[in-house]
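Chemist: Let me see the structure of the following:
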Amino acid sequence: MKQKRFLLMLIAVCSAWVGLASGETLAERMEWFQDAKFGMFIHFGVEDKSAFNPVDWDAAEWVRIAKEGGMKYIVLTTKHHVGFCLWDSELTDWNVVDQTPFKRDIVKELAEACEAEGIQMGCYYSIADYHHPLYEPKYQNRANRRKGTVPGADITKYIDFMFGQLEELCELYQPCLIWFDGGSGFRNPEYKPLLRRLEMVDMLHTYGTLSNSRLGDDDALSIVDYLSMNDNLAPTFNPGIYFESAVTMGDDWHYKGDKELKTPKFLLEQLVNAVGNGGNYLLNVGPDHEGVIPEAMASRMKIMGDWLKKNGEAIYGTRAGPYPFEISWGTITQRQDNENTSLYLNVVDWPEDGTFTLFGVNNAVLKASLLATGEPIEYTSEFDAFAGQNIITLNIPKKAPDEYVSVIKLDVSGTVSMDRTFMQGSDGKVVLGTYNATIHDLEPIPDKPSKAIDMQMITVPAKGEGIMPARGLTVTGFDKTGQALSWDLRMYKPGRYEVVVVCHVGKNQPWEVAGRMRANVAGQSVENELVENKRVVTPAMDSKVVDVQCVLGTVEISAVGAQTLTLEVASDFTGVKPKVRSVMLVPVREDQ
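Modeler: Numbering: from 1, shown residues only. Here you go, the predicted structure:
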């Protein structure tokens with residue numbers, strides 16, 4: 001039996017090597033991944049091996065739900081941190097076939113079901129292993145597990161075992177990707193070589209299998225293929241590298257009941273945010289102990305699938321929109337066809353006055369319509385010499401066409417040319433993200449990039465002096481008098497604007513920041529303590545974290561066109577230091 005399996009493995013290896021010898025197939029695999037956009041993450045594991053017997057599990061049903069939801073690939077937790085394998089591994093008997101009453105190869109059956117329906121399957125694989133006797137505690141992914149020693153443990157030999165298991169998965173099931181996790185114990189630069197990352201990725205590539213960045217926290221993608229964002233997080237801007245945002249539908253990854261699930265609207269907002277900023281969206285479900293995806297989860301995916309049937313053109317096969325910064329009303333995706341380009345305006349906050357304004361697109365408009373129905377939209381396009389930008393005005397229905405996310409399709413001539421400066425949105429807001437701000441430290445720091453985004457640390461904060469990237473795509477170290485951030489922006493609408501500083505805090509944590517900030521724009525300054533005005537849950541962030549909005553004051557901007565806004569620390573922050581995500585200029589309504 002083992003000889004037969006070995007022969008099949010050998011045939012698979014040879015086929016994979018022939019297919020990828022030129023490197024072209026790997027490029028096509030990455031293009032497929034970028035086109036797919038939407039996948040299903042499945043956290044399914046064994047808590048009690050002697051009782052694990054999910055008699056109602058049906059791989060074909062899982063795939064049906066994914067396909068009905070519009071997902072193009074599935075990623076299954078083939079081995080989570082406890083080290084238990086959901087396939088019949090010949091390298092360990094710590095697996096579902098040898099240790100449970102179920103005695104079925106879950107990965108094999110799911111791979112077959114995916115192939116039957118034209119869905120790609122990827123394998124989640126935890127580097128950390130709480131069970132394997134070779135795994136040395138100091139490399140575990142949880143601090144409380146890094147104590148003590150295990151007799152006979154040898155991390156080098158464990159890595160050999162890991163290589164063997166991943167090769168086994170590739171040979172048996174041809175996964176589209178390996179979703180590495182649990183590698184935080186290797187963050188010390190001295191430990192990273194133990195992972196043999198280049199060798200690992202080269203091996204995966206011979207099978208046409210992609211690798212995510214959690215193989216040694218490769219945020220800059222120097223070795224791996226794409227970036228995995230922090231859990232339940234996505235950028236609100238285009239980070240310039242391809243990423244995937246993995247989000248759980250509720251508060252947990254494994255099944256803990258189906259309470260507190262995100263709404264379909266919230267999930268669709270997360271989808272258009274990830275895709276509009278250049279990434280994929282991997283939505284997690286946790287099947288119950290019988291192997292069934294709860295109806296509350298399946299029904300939400302059905303709603304998403306129905307939306308995609310009408311609006312999938314704005315998602316599948318598209319690329320990030322031409323505006324690289326955060327947009328307050330939604331996101332833009334684009335698709336180039338021959339000599340022209342289609343822009344898809346994925347509008348989450350639909351204007352109530354029947355007018356939608358798009359700034360800075362320097363192309364002739366050919367057609368505007370509602371994507372779902374094809375209904376034409378009247379428009380004007382003109383250059384405003386005072387504002388110094390082109391302005392497209394769309395006459396839209398006053399009521400949002402879709403209860404979740406409405407999509408406007410804008411066909412323009414040629415490749416899109418769009419001003420790459422911070423601009424107002426259709427709602428008049430300007431959002432200035434700190435990751436894209438110019439940093440002004442107290443003193444010049446040699447070789448330090450001028451912007452946080454240029455430090456290429458998205459998921460693991462870089463260590464250094466002064467203002468630095470922090471988790472949640474915020475900046476930290478911005479807490480000493482005289483430090484500053486600045487942005488160049490372009491205004492179209494004169495008027496009164498609130499200057500709002502947006503920071504991160506835990507959902508249930510009090511806001512206890514002591515210090516003052518000052519904003520300077522249009523020849524005016526406003527200064528205040530960072531006093532909490534309101535909390536906002538945003539689709540791009542983990543539901544356990546909220547935006548705290550702090551109003552510094554109100555400015556009058558009478559001149560349209562180019563402006564510079566500078567945010568500076570006016571007095572030192574003591575105690576808890578702020579993690580600043582953005583600054584907003586918010587129009588003050590005339591009736592306020």
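
Chemist: What are the boundaries of the helices in this structure?
Modeler: Counting by DSSP state H, one finds helices in the chain at the ranges 2-20, 24-36, 59-68, 96-99, 106-117, 155-173, 197-205, 264-276, 295-311.

Chemist: was I right about Gly216 contacting Asn188?
Modeler: No: with contacts counted by Cβ atoms under 8 Å, Gly216 stays clear of Asn188, the gap being 10.8 Å. All C-beta spots, glycine's among them, are computed from the backbone N, C-alpha and C.

Chemist: neighbour-wise, which of those two wins?
Modeler: Taking other Cβ atoms under 10 Å, Gly216 and Asn188 do not tie; Gly216 has more neighbours (24 against 10).

Chemist: got the contact list for that one?
Modeler: With contact set as Cβ atoms under 8 Å, 6 or more residues apart in numbering, Gly216 has these partners: 183, 186, 192, 195, 197, 223.

Chemist: Present those residues as CSV; the columns should include pLDDT and distance to Thr248.
Modeler: Output for the contacts of Gly216, formatted as CSV (pLDDT from 0 to 100; distance: Cβ to Cβ, whole Å):
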residue, pLDDT, distance to Thr248
Gly183, 96, 20
Phe186, 96, 24
Lys192, 96, 28
Leu195, 98, 26
Arg197, 98, 27
Ile223, 97, 27
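
Chemist: Please identify which of these is nearest to Ala540.
Modeler: Relative to Ala540, the closest of the contacts of Gly216 is Gly183; by Cβ to Cβ it sits at 24.1 Å.

Chemist: Let me know how buried that closest one is, in neighbour terms.
Modeler: 21.

Chemist: One more: Thr206?
Modeler: By the criterion of other Cβ under 10 Å, Thr206 has 17 neighbours.

Chemist: Do you know the pLDDT at it?
Modeler: You'll see Thr206 listed with a pLDDT of 95.

Chemist: repeat for Thr574
Modeler: 90.

Chemist: what sits against it?
Modeler: 514-515.

Chemist: and the gap between it and Ala514?
Modeler: 5 Å (Cβ to Cβ, to the nearest Å).

Chemist: and what of Glu260?
Modeler: Distance, Glu260 to Ala514, using Cβ to Cβ: 33 Å.

Chemist: ok, those two, which is more surrounded?
Modeler: Neighbour count, other Cβ under 10 Å: between Glu260 and Ala514, Ala514 has more, with 14 against 11.

Chemist: thinking that one is in contact with Glu529, fair?
Modeler: Yes: with contact defined as Cβ under 8 Å, Ala514 reaches Glu529; the gap is 7.5 Å.

Chemist: quick one: contacts for the residue nearest to Tyr242 when sequence neighbours are not counted?
Modeler: Of all residues not flanking Tyr242 in the chain, Tyr226 sits nearest, at 4.7 Å (Cβ to Cβ, 6 or more residues apart in numbering). The contact partners of Tyr226, by Cβ under 8 Å, 6+ apart, come to 30, 33, 210, 212-213, 241-244, 280.

Chemist: nearest to Gln334, of these?
Modeler: Once Cβ to Cβ is applied, the member of the contacts of Tyr226 that ends up nearest Gln334 is Tyr242, at 15.4 Å.

Chemist: Ile42: what's it in contact with?
Modeler: 62, 74-77, 284-287.

Chemist: So in terms of bridging, what pairs with it?
Modeler: Leu76, Val285 (DSSP bridges).

Chemist: Please report how far it lies from Glu295.
Modeler: 16 Å.

Chemist: With Met304 instead?
Modeler: 15 Å.

Chemist: just Leu166 next, same as before
Modeler: 35 Å.

Chemist: Of these two, which one has the most company?
Modeler: The neighbour count for Leu166 versus Glu295, taken as other Cβ under 10 Å, is higher for Leu166 (23 against 10).

Chemist: weakest of the helices of the chain by average pLDDT?
Modeler: Among the helices of the chain, helix 2-20 has the lowest mean pLDDT, at a mean of 43.

Chemist: which residues are contacting stretch 145-153?
Modeler: With contact meaning Cβ under 8 Å, 6+ apart, stretch 145-153 is reached by 130, 133-140, 185.

Chemist: at 10 Å what do you get?
Modeler: Residues from elsewhere that reach stretch 145-153, judged by Cβ atoms under 10 Å, 6 or more residues apart in numbering: 81, 128, 130, 132-140, 185.

Chemist: how long is that stretch from one end to the other?
Modeler: 14 Å (Cα to Cα, to the nearest Å).

Chemist: In it, which residues are buried?
Modeler: By neighbour count with 16 or more other Cβ atoms under 10 Å, stretch 145-153 contains the buried residues 145, 153.

Chemist: chain center to it, what's the gap?
Modeler: Chain-centre distance of stretch 145-153: 35 Å, with Cα atoms, centre = their mean, to the nearest Å.
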